[in-house]
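Novice: The amino acid sequence is not available; the structure is as follows:
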């Protein structure tokens, strides 16, 4: 278009240009002076035009500079509020450490990190712009893809409440009436374990959040991680368009309360998205997203984001962040009492000392180190190496099962053998919980500890500790006895946020170490381990709200565990008792609906009763077949009691299951 415009302008100039009149040789001398004067005037006009353009450009630049200065004065030098805004937060930060809790929004998107790494652009950018042109809101968490359906009205909104004392903003997601209908349909499909209904709901509402996460879990079960990651990203895309205008992740003072059911889907989607981003090797984005997840609720940390930041900070070589976090929260939250921080802080010092040593090698090593801000003298490097050795020694004494558990992934560590580092066969409850935390750290971080330089370092420190243990040093004996008592009493139970973290991470060896009180419950991944102070508008429709009562009843009925359940299954009367309980529950529901005067729920209750009566026929036939089998078995045995050979009397049977002869739904009882 520009070329065509330039051509048209040139053609117009040619047409409008006046044709010079024919002149004789005598006339040329007469007008020569006038021509020079006209040429000077045109040059002066051009100079004046250029001067006007220059002045206009300077004026625009001055206005832009003044605008930038006003923005800096209002929002800070880097676009955020000043770190002093954290000073009145319940988790008070040391002075000068507030910047570690600020999030870089430009690094939240994993796709953009890959573009920066490989300098590649998506091929469908033009198609994406056309398809999502109506959505003018810029997204930072994910980038929309061309094959995604257009995002219309999802039915999500966000409310904001500002706390002036702590200078924090608390947000809450809100469901519209249409979204509530879709949510109830989702609960109905989950209760019935109807995968087809979930798929139909996904086709009907492609941006329903819980359906997207449930479909993602199904794809993970079928080893299709790419499609699962796409669905989770789509879920975050819908959530980001529901953000309140004041919801700014980079400020670090936006809070979401996990007790509200509507907010939990944001935590769960963000946690799953972090795992998928990490699988693509986008360590910077994974770290920023983990910080974001941590700062959504830093006091309670409902999904234990602290167990993620240590791994991603080392992967991203952002050692200063992990040390700053330990300096800010180490004393108040006892971070070194967790295996992930005890070992990762030691590795941070060791890795940084090695990297600075490698940078200093060569003629321009020192200059290169200064340019990267990693310059370090030899004395400082030796001091950091000594600090790393002492931290690793302390971590090995506090968590001795690290060596045998990590040895399953790193064979050279199996050579470090001592009675102190052996796995106990009958640990206490607290010791078993400590083992679970160590196992979680090992399963996630074993790739970092399999590097040859790290193996050599652990082997050296491990042999030093074993030498001190064999020498029976008095100071070492006091330390080991203290840590043994500490492990027996420090972790008597597993907190709810750790339970959620383990279940969502889906690491099988760690899940097997969870207490039976957790694994015996009926769990749903759309709301794993709801908090005790849960505020749920769908409480009567969510099975997870009644899971605790049903699991308690199961424990009372089956106190002996699997063996007891096996023998109970052999008892045919157990099936009749279960049917009787179901029948009583249906009758209570039927009476409750009659009192309310509902028409449609009444029909649903009648359908459920018809299904229950059909199940009654199956139970009756299975009972009779079981009794016939047992009768034929005992007739061959001379010592069988005569009372058992008679089976169950008809009157006793009717008294047990109830007489349904008067039921209108049964034509032939």
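Specialist: Nice, thanks for sending it over. Here the structure is a predicted model, which is why all the values come from computation and not from measurement.
Novice: For the stretch 101-250 of the chain, which residues score under the pLDDT cut-off?
Specialist: 119-137 (pLDDT under 70).
Novice: what about the helices in it?
Specialist: Assigned by DSSP state H, counting those that start in this stretch, the helices in the stretch 101-250 of the chain fall at 110-118, 125-131, 177-191, 195-204, 209-221, 225-240.
Novice: Out of those, the one nearest residue 341 is which?
Specialist: helix 110-118 (25.2 Å; C-beta to C-beta). Heads up, the C-betas are built off the backbone N, CA and C, glycines and all.
Novice: Can you mark which positions in that closest one are buried?
Specialist: 110, 111, 112, 113, 114 (16 or more other C-beta atoms under 10 Å).
Novice: Using JSON lines, lay out these together with distance to residue 187.
Specialist: Output for the buried residues of helix 110-118, formatted as JSON lines (distance: C-beta to C-beta, whole Å):
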{"residue": "110", "distance to residue 187": "32"}
{"residue": "111", "distance to residue 187": "33"}
{"residue": "112", "distance to residue 187": "36"}
{"residue": "113", "distance to residue 187": "37"}
{"residue": "114", "distance to residue 187": "37"}
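Novice: sorry, back to before: out of the helices of the stretch 101-250 of the chain, which is closest to residue 326?
Specialist: helix 110-118 (25.6 Å).
Novice: And that closest one, what does it pack against?
Specialist: helix 283-296 (3 or more C-beta pairs under 8 Å, 6 or more residues apart in numbering; DSSP states H and E).
Novice: angle of the helix it packs on against helix 110-118?
Specialist: In this structure, helix 283-296 runs at an angle of 150 degrees to helix 110-118, with axes from the mean of the first three to the mean of the last three C-alpha atoms, to 10 degrees as the basis.
Novice: Use 18 as the first number from now on
Specialist: Okay, using 18 as the starting number, the last item reads as helix 300-313.
Novice: Give me the contacts around whatever helix or strand comes next after helix 300-313.
Specialist: The helix or strand immediately downstream of helix 300-313 is helix 323-332, counting by DSSP states H and E. Defining contact as C-beta atoms under 8 Å, 6 or more residues apart in numbering, one finds that helix 323-332 is touched by 291, 295, 300, 303-304, 307-308, 310-311, 336, 338-339, 342, 352, 355, 357-358, 361-362, 364-365, 368, 457-458, 461-462, 465, 518.
Novice: Now, the residues you listed that are in helices?
Specialist: Among those, the ones falling in helices (DSSP state H) are 291, 295, 300, 303-304, 307-308, 310-311, 336, 338-339, 342, 357-358, 361-362, 364-365, 368, 457-458, 461-462, 518.
Novice: Grab the nearest non-local neighbour of residue 524.
Specialist: Leaving aside its chain neighbours, residue 524 sits nearest to residue 460 (5.0 Å; criterion: C-beta to C-beta, 6 or more residues apart in numbering).
Novice: wait, isn't the one you found in contact with residue 528?
Specialist: No. Counting by C-beta atoms under 8 Å, residue 460 stays clear of residue 528, with 10.6 Å between them.
Novice: And the pLDDT at residue 500?
Specialist: Note on residue 500: pLDDT of 93.
Novice: What helix or strand is it located in?
Specialist: helix 491-506.
Novice: ok, residues contacting that helix?
Specialist: 414, 415, 417, 437, 445, 447, 448, 451, 485, 486.
Novice: The residues you listed, buried ones only, as a ChimeraX selection?
Specialist: Those of the contacts of helix 491-506 that count as buried under 16+ other C-beta under 10 Å are selected in ChimeraX with:
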select :414,415,417,437,447,448,451,485,486
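Novice: Output the contacts of helix 491-506 in JSON lines; the columns should cover secondary structure.
Specialist: Listed next are the contacts of helix 491-506 as JSON lines, based on DSSP: H, G, I helix; E, B strand; the rest coil:
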{"residue": "414", "secondary structure": "helix"}
{"residue": "415", "secondary structure": "helix"}
{"residue": "417", "secondary structure": "coil"}
{"residue": "437", "secondary structure": "helix"}
{"residue": "445", "secondary structure": "coil"}
{"residue": "447", "secondary structure": "helix"}
{"residue": "448", "secondary structure": "helix"}
{"residue": "451", "secondary structure": "helix"}
{"residue": "485", "secondary structure": "helix"}
{"residue": "486", "secondary structure": "helix"}
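Novice: residue contacts, residue 180?
Specialist: If you count contacts by C-beta under 8 Å, 6+ apart, residue 180 has them with 186, 187.
Novice: so what's it bridging to?
Specialist: residue 185 (DSSP bridges).
Novice: Now do stretch 434-448: distance from first to last residue.
Specialist: 20 Å (C-alpha to C-alpha, to the nearest Å).
Novice: What residues of that stretch count as buried?
Specialist: If you call a residue buried by 16+ other C-beta under 10 Å, then stretch 434-448 has these buried ones: 437, 438, 447, 448.
Novice: Out of those, name the two that are farthest from one another.
Specialist: Spanning the widest gap among the buried residues of stretch 434-448 are 438 and 447, at 18.5 Å by C-beta to C-beta.
Novice: Now that we have the ones in helices among the contacts of helix 323-332, which of them are buried?
Specialist: 291, 295, 300, 303-304, 307-308, 310-311, 336, 338-339, 342, 357-358, 361-362, 364-365, 368, 457-458, 461-462, 518.
Novice: what about the stretch 418-567 of the chain, any weak spots by pLDDT?
Specialist: Checking the stretch 418-567 of the chain against pLDDT under 70 turns up 557-567.
Novice: residue ranges of the helices in it, please?
Specialist: With DSSP H, counting those that start in this stretch as the criterion, the stretch 418-567 of the chain has helices spanning 419-424, 446-462, 469-487, 491-506, 513-522, 525-528, 533-536, 564-574.
Novice: Go through the third one and flag the buried ones.
Specialist: By neighbour count on 16+ other C-beta under 10 Å, the buried set for helix 469-487 is 471, 472, 474, 475, 478, 479, 482, 483, 485, 486.
Novice: That one vs helix 491-506, what angle?
Specialist: In terms of direction (the same axes, to 10 degrees), helix 469-487 departs from helix 491-506 by 110 degrees.
Novice: Packing partners of helix 469-487?
Specialist: Counting contacts by 3+ C-beta pairs under 8 Å, 6+ apart, helix 469-487 packs against helix 356-377, helix 395-415, helix 491-506.
Novice: so can I have a markdown table of these showing distance to residue 316?
Specialist: Below are the helices and strands packed on helix 469-487 laid out as a markdown table (distance: least, C-beta to C-beta, whole Å):
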| stretch | distance to residue 316 |
| --- | --- |
| helix 356-377 | 18 |
| helix 395-415 | 25 |
| helix 491-506 | 25 |
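Novice: and of these, who's closest to residue 284?
Specialist: helix 356-377 (19.4 Å).
Novice: and the closest one, what's its mean pLDDT?
Specialist: The pLDDT scores in helix 356-377 average 88.
Novice: so what secondary structure elements neighbour that helix?
Specialist: helix 323-332, helix 336-350, helix 382-388, helix 395-415, helix 446-462, helix 469-487.
Novice: what sits up against the fourth one?
Specialist: Meaning helix 395-415. For helix 395-415, using C-beta under 8 Å, 6+ apart, the contacting residues are 353-354, 356, 359-360, 362-367, 369-370, 373-374, 393, 419-420, 438, 474-475, 478-479, 481-482, 496-497, 500, 503.
Novice: give me that answer again for 7 Å
Specialist: Residues outside helix 395-415 that contact it (C-beta atoms under 7 Å, 6 or more residues apart in numbering) are 359-360, 362-363, 366-367, 369-370, 373-374, 419, 478-479, 481-482, 496-497, 500.
Novice: Tell me the buried residues within those residues.
Specialist: 359-360, 362-363, 366-367, 369-370, 373, 419, 478-479, 482, 496-497, 500.
Novice: out of these, what pair is the most spread apart?
Specialist: Across these, the longest distance by C-beta to C-beta is 33.9 Å; it joins 373 and 497.
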